[in-house]
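> how does the following fold in three dimensions:
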Amino acid sequence: MTTTNNDSKLDYLRLIRSENVGPITFYLLLKYFGSAKEALANINDFAKRGGKTKPIKLYPESEAQKEMDEVLALGAEIIAFDEDDYPYLLKQIPDTPPLLTVLGHKHLLHKEAVAIVGTRDASLNGRNMAKKLGEELASHDYTVISGLALGIDAAAHEGALAATDSAGTIAVLGTGIDVVYPPQNQPLYDRIRKAGLIISEFPLKTKANPVNFPRRNRLISGLSKGIVVVEARIKSGSLITAHMALEQNREVMAIPGSPLDPRCGGTNHLIKQGATLIEVPSDVIKTLENLPSMQEDIFSDDYAYEDFTPEAFSEDELDNARKSVLSLLGNGAVAIDDLIRQSGATASLVSIVLVELELAGRIERLAGNHVNLLLEWQD
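Next up is the predicted model:
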């Protein structure tokens, strides 16, 4: 069994909590320098080359140790991406969190899972359907995953809790693992904490923030073999989750609804776009059973370039790549694959430049392997 030692995990925590370091940049820095400790020691050189004038705000070792101690005091633990306890399906997405904080029965991370999501202002029929789905799937030994929101999410969790003593349900939070949002779901949170599992990639005490929920949603789909959307508007977080599921090669299923109800506009749209139509819980089970098995122990290593080392490129090569990449960035998202093709630079060179720019706070990474030049840096 692989076990990350405490010193390495502390360095992982310091790196991912440092300024401008997201999951993809974390893994690229880890590969480039060979360890989180070396990345922390050299990260400011990267940021400076990207145009940052002030040093990166590194997460202090004392704060990292305090966070780890507080997690343990809560009865939770932090699982690193290179440990056996880390969920294998989540390893397959390129921006998988380097660390997960988990509270409850972590064996649920290794059972086949299906996500159930939908609108917060769900109809009575929608909530009943979500609860029925959750109960039936849990009784067939599937783990039911959702986001602890009001409406469809809560109903799905409640259904799974009603099905079996083993309570196969996971709540993925967009807050710290110790922050219940919405507060009305405190009783449900307490039940899941006792009988299921609660997970988050965010630090303890992180409050609800709209920017965190798309990040939460990629975990809901990434942990699952398939996702069922019960009720959702055309513009909703549930449809974002469905689109993330497609990008992650997960099965997307949807419950049809009345064309007169805007809460069903999103689900009907998904079905028109090719999502599997679900009428009864057994439809979900049959769909999942017919899917090919997803190979275990795969870590998405899209960025595992052989020449991704400090000695691989001259400063002239890096400087030319920076100029080329910057000339291609502007107003709107750009696919990284397009940057590689249009810049004439290698994938490794482009990735190094993007790490420099992200650490400098000049770009942001978006879903679907895209990047965006931040407004203040646009001409």
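
> for the rest of this, base every contact and every neighbour count on C-alpha atoms.
Noted.

> report the buried residues of the helix or strand containing Ser324.
Remark: Ser324 resides in helix 315-328, with elements defined by DSSP states H and E. Neighbour-count burial for helix 315-328 flags Leu318, Ala321, Arg322, Ser324, Val325, Leu326 (criterion: 16 or more other Cα atoms under 10 Å).

> of those, which pair is most distant in space?
When those are compared pair by pair using Cα to Cα, the farthest-apart members prove to be Leu318 and Leu326, with a separation of 12.1 Å.

> secondary structure class for Ile199?
Look at Ile199: counting by DSSP: H, G, I helix; E, B strand; the rest coil, its state is strand.

> and it, how many neighbours?
Ile199 has 28 neighbours, counted by other Cα atoms under 10 Å.

> how much space between it and Val252?
Using Cα to Cα, to the nearest Å, we find Ile199 at a distance of 22 Å from Val252.

> check Ile79 too.
Separation of Ile79 from Val252 (Cα to Cα): 28 Å.

> so for these two, which residue has more residues nearby?
Applying other Cα under 10 Å to Ile79 and Val252 shows that Val252 carries more neighbours, namely 25 against 22.

> check what pLDDT that one gets.
On the pLDDT scale, Val252 is placed at 96.

> repeat that for Ser62.
With respect to pLDDT, Ser62 scores 96.

> and it, which of the three is it?
Here Ser62 is recorded as helix under three-state DSSP.

> count of residues packed around it?
11.

> then Ile24?
When neighbours are counted by other Cα under 10 Å, Ile24 registers 21.

> these two touch, right, it and Pro94?
Yes: Ile24 is in contact with Pro94 according to Cα atoms under 8 Å; the separation is 6.9 Å.

> if we can go back for a sec, ok, the next helix-or-strand element following the helix holding Ser324: who's next to it in the sheet?
On the C-terminal side of helix 315-328, the nearest following helix or strand under DSSP H and E is strand 333-335. With DSSP bridges as the criterion, the sheet partners recorded for strand 333-335 are strand 370-373 (antiparallel).

> in this protein, which helix has the most residues?
Using DSSP state H, we find that the single longest helix of the chain is helix 124-139.

> buried residues, it. List them.
For helix 124-139, a neighbour-count test (16+ other Cα under 10 Å) marks 126-139 as buried.

> what does stretch 6-26 give?
Buried residues in stretch 6-26, counted by 16+ other Cα under 10 Å: 9-26.

> stretch 36-43 now?
Of the residues in stretch 36-43, those buried by neighbour count under the rule 16+ other Cα under 10 Å are Ala36, Lys37, Ala39, Leu40, Ile43.

> and it, how far out from the chain middle?
24 Å (Cα atoms, centre = their mean, to the nearest Å).

> first vs last residue of stretch 134-145, how far apart are they?
Across stretch 134-145, the terminal residues are separated by 9 Å (Cα to Cα).

> returning to what we had before: and the average pLDDT for the helix or strand that the longest helix of the chain is followed by is what?
Using DSSP H and E, the next helix or strand after helix 124-139 towards the C-terminus is strand 143-146. The average pLDDT within strand 143-146 is 97.

> re earlier: which strands and helices lie in contact with the helix holding Ser324?
Taking 3 or more Cα pairs under 8 Å, 6 or more residues apart in numbering; DSSP states H and E as the contact definition, the neighbouring helices and strands of helix 315-328 are helix 336-343, helix 347-359.

> return the distance of the last one from the chain's centre.
To tie it back to what came earlier, the one meant is helix 347-359. With Cα atoms, centre = their mean as the basis, the distance from the averaged C-alpha position of helix 347-359 to the chain average is 21 Å.

> circling back to that earlier point, quick check, nearest of the buried residues of helix 315-328 to Ile352?
Nearest to Ile352 among the buried residues of helix 315-328 is Leu318, at 8.2 Å by Cα to Cα.
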